[in-house]
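1. task: produce atomic coordinates for the following.
(one chain, ligands or ions: 2)
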Amino acid sequence: MTSSPEAALVDGLIEAIPDFPEPGIVFRDLTPVFADGPALKALATAVTAPFEGRFDSIGGLEARGFLIAGAASIVSGAGVLSVRKAGKLPRAVLSQEYTLEYGTAALEVHVDQLPKGSRVLIVDDVLATGGTALAAVNLIERAGWHVAGFGAALELDGLGGRAKLEARGVETFSLLCY
Ligand SMILES: O=P(O)(O)OC[C@H]1O[C@H](OP(=O)(O)OP(=O)(O)O)[C@H](O)[C@@H]1O
Ligand SMILES: Nc1ncnc2[nH]cnc12
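-> Ligands and ions are numbered 1, 2, ... in the order given. Model (predicted):
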């Protein structure tokens, strides 16, 4: 499904890898998008544009979300809130466990990274079950910040991620839907 030149550019670079990282998972590999300057810029522009003027910071989700967040920072002028996997941040953190399409993990933020009330646009590469995105939403709200929305390169239809976010009142954008 492509609905814009940006979507077509990104779509043409994503590869579907069957049975990775475990049998039954079709892994959508965005590394060719990250390796292509114009495609990465188009993606960063696309995920921020719907929320223009409504965010102060970009919440990048480790690891692949960091790449989009960095590029989105340059195109939008907002800085990046590092939302990291557990055990990586050196100062006081808030931590949130979650379940992935394949496995479990925890995300963390520095409790004092942004002023209270900051509006954070969360960005990531893939929205699948929504477990990762919801953990980030919980963290941001627990820290006293406001979730401005969620933007992803692609969403996997049928895994329920969008429904979970929208049930929490989080405006959700994805450039592509598979
Ligand atoms: O909607 P969900 O079911 O939560 O899945 C989406 C998440 O899964 C991947 O992260 P993962 O932690 O696998 O890997 P990464 O560290 O390579 O970004 C992807 O980058 C999303 O963050
Ligand atoms: N199928 C998938 N492909 C790439 N990243 C993912 N994250 C969760 N599910 C994924």
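2. dihedrals phi and psi, the residue nearest the centre of the chain?
-> For the chain, the residue nearest the mean C-alpha position is residue 124 (1.8 Å; Cα atoms, centre = their mean). Phi and psi for residue 124, reported as degrees, to the nearest 10, are phi -150, psi 170.
3. phi and psi next, for residue 92.
-> Per degrees, to the nearest 10, the backbone of residue 92 is at phi -60, psi 130.
4. sorry, that was for residue 85
-> The phi and psi values for residue 85, taken as degrees, to the nearest 10, are phi -70, psi 160.
5. quick one: the residue nearest to it when sequence neighbours are not counted from residue 69, how far?
-> With Cβ to Cβ, 6 or more residues apart in numbering as the criterion, residue 85 has its nearest non-adjacent residue at 5.1 Å, and that residue is residue 62. For every residue, glycine as well, the C-beta is placed using N, CA and C. Note on residue 62: its distance to residue 69, by Cβ to Cβ, to the nearest Å, is 10 Å.
6. out of those two, which sits in the busier spot?
-> residue 69 (29 against 18; other Cβ atoms under 10 Å).
7. against ligand 2, how distant is the more buried one?
-> 16 Å (Cβ to the nearest ligand atom, to the nearest Å).
8. so what's that residue closest to, chain neighbours aside?
-> Counting by Cβ to Cβ, 6+ apart, the residue nearest residue 69 is residue 60, at 2.6 Å.
9. residue 71 too?
-> Residue 71 sits nearest to residue 44 (Cβ to Cβ, 6+ apart), 3.6 Å away.
10. now do the contacts for the residue nearest to residue 85.
-> Each residue near residue 62 by Cβ atoms under 8 Å, 6 or more residues apart in numbering is listed here: 82-85, 88, 107.
11. so what's the residue nearest to residue 69 bridging to?
-> residue 82, residue 123 (DSSP bridges).
12. pull up the per-residue confidence for it.
-> On pLDDT, residue 60 comes in at 98.
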